[in-house]
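> the sequence and its predicted three-dimensional model are supplied below.
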Amino acid sequence: MKCLLLFGPQAVGKMTVGQELAKITELKLFHNHMTIDLLEPLFGFSPEMWRLTTLFREEVFKAFAQGEQYGMIFTFVWAFNQETDWEFVEKITRIFRSEGADIYFVELEANVEERLKRNQTPNRLEQKPTKRNIKQSEENLLSSMETHRLNSEAGEIKEENYLRVDNTKLSATEVAKMIQQRFYL
């Protein structure tokens with residue numbers, strides 16, 4: 001069993017890289033909006049929506065980790081200056097490690113100009129209904145940079161299986177191949 005955590009700021013390309021990686025490996029993609037977009041129409045972006053999102057994700061992780069699948073790619077935004085995000089990552093890794101899974105950390109980064117372009121791609125808008133309000137999505141992308149640190153600092157992630165990729169000028173296919181080759185997936 002393998003668990004690949006694919007993280008970085010909004011619109012950096014996590015889901016698209018995950019889609020490409022799923023095509024060339026046996027890993028299953030569980031992108032963060034699969035739970036957000038399920039619950040947001042019912043609860044809005046409320047504390048209850050986030051509570052249920054976390055609960056759903058944890059239950060999916062537990063069931064998947066106990067299954068016979070090859071592995072999972074999970075995409076998410078990690079606010080490195082938020083203790084709760086560190087605790088969430090610890091919980092995910094504990095769930096998978098308790099079942100003997102190998103854990104891989106892949107961090108994506110891209111400049112804000114590229115991320116603003118990617119924020120409007122057809123694939124993103126098709127897969128993530130809550131991103132279709134472009135003005136609101138852009139405002140969130142820009143304002144989050146003022147309050148959250150969405151990429152790690154050098155040496156902050158101490159995992160053995162860790163890869164950081166600046167994918168500003170790389171295609172999702174190129175990044176997926178880099179990940180596959182680096183971790184022999």
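Received, thanks. Numbers count the residues shown, from 1 in each chain.
> which secondary element of the protein has the worst mean pLDDT?
Averaged element by element with mean pLDDT, DSSP states H and E, the chain has its least confident helix or strand at helix 122-127 (a mean of 77).
> give me the mean pLDDT for whichever helix or strand comes after that one.
Following helix 122-127 in sequence order, the next helix or strand is helix 134-147 (DSSP states H and E). In this model, helix 134-147 has a mean pLDDT of 87.
> determine the longest helix present in this structure.
Ordering each helix of the chain by length in residues (DSSP state H) puts helix 47-65 first.
> chain center to that one: distance?
Computed by CA atoms, centre = their mean, to the nearest Å, the separation of helix 47-65 from the middle of its chain amounts to 14 Å.
> helices or strands up against the helix or strand following that helix?
Downstream of helix 47-65, the first helix or strand assigned by DSSP H and E is strand 71-76. Applying 3 or more CB pairs under 8 Å, 6 or more residues apart in numbering; DSSP states H and E, we find strand 71-76 packed against strand 2-7, helix 14-24, strand 28-31, helix 47-65. Every residue, glycine included, has its C-beta placed from N, CA and C.
> and these as a markdown table, adding distance to Glu174 and mean pLDDT?
Output for the helices and strands packed on strand 71-76, formatted as a markdown table (distance: least, CB to CB, whole Å; pLDDT from 0 to 100):
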| stretch | distance to Glu174 | mean pLDDT |
| --- | --- | --- |
| strand 2-7 | 15 | 98 |
| helix 14-24 | 9 | 97 |
| strand 28-31 | 18 | 97 |
| helix 47-65 | 27 | 96 |
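> check contacts around the residue lying closest to Leu150 once chain neighbours are set aside.
Closest residue in space to Leu150, ignoring its immediate chain neighbours: Pro9 at 3.8 Å, by CB to CB, 6 or more residues apart in numbering. By CB atoms under 8 Å, 6 or more residues apart in numbering, Pro9 lies in contact with 77, 109-110, 115, 141, 144-145, 150-151.
> tell me, what residue is most central in this protein?
Nearest to the geometric centre of the chain sits Thr75, at 1.7 Å (CA atoms, centre = their mean).
> mind listing what's buried along the longest strand belonging to the chain?
Secondary structure of the chain per DSSP state E: the longest strand is strand 102-109. Neighbour-count burial for strand 102-109 flags 103-109 (criterion: 16 or more other CB atoms under 10 Å).
> right, and out of these, which lies closest to Leu42?
Leu108 (29.9 Å; CB to CB).
> Phe45 versus that closest one, what's the distance?
23 Å (CB to CB, to the nearest Å).
> again with Ser152
Distance of Ser152 to Phe45, computed by CB to CB: 25 Å.
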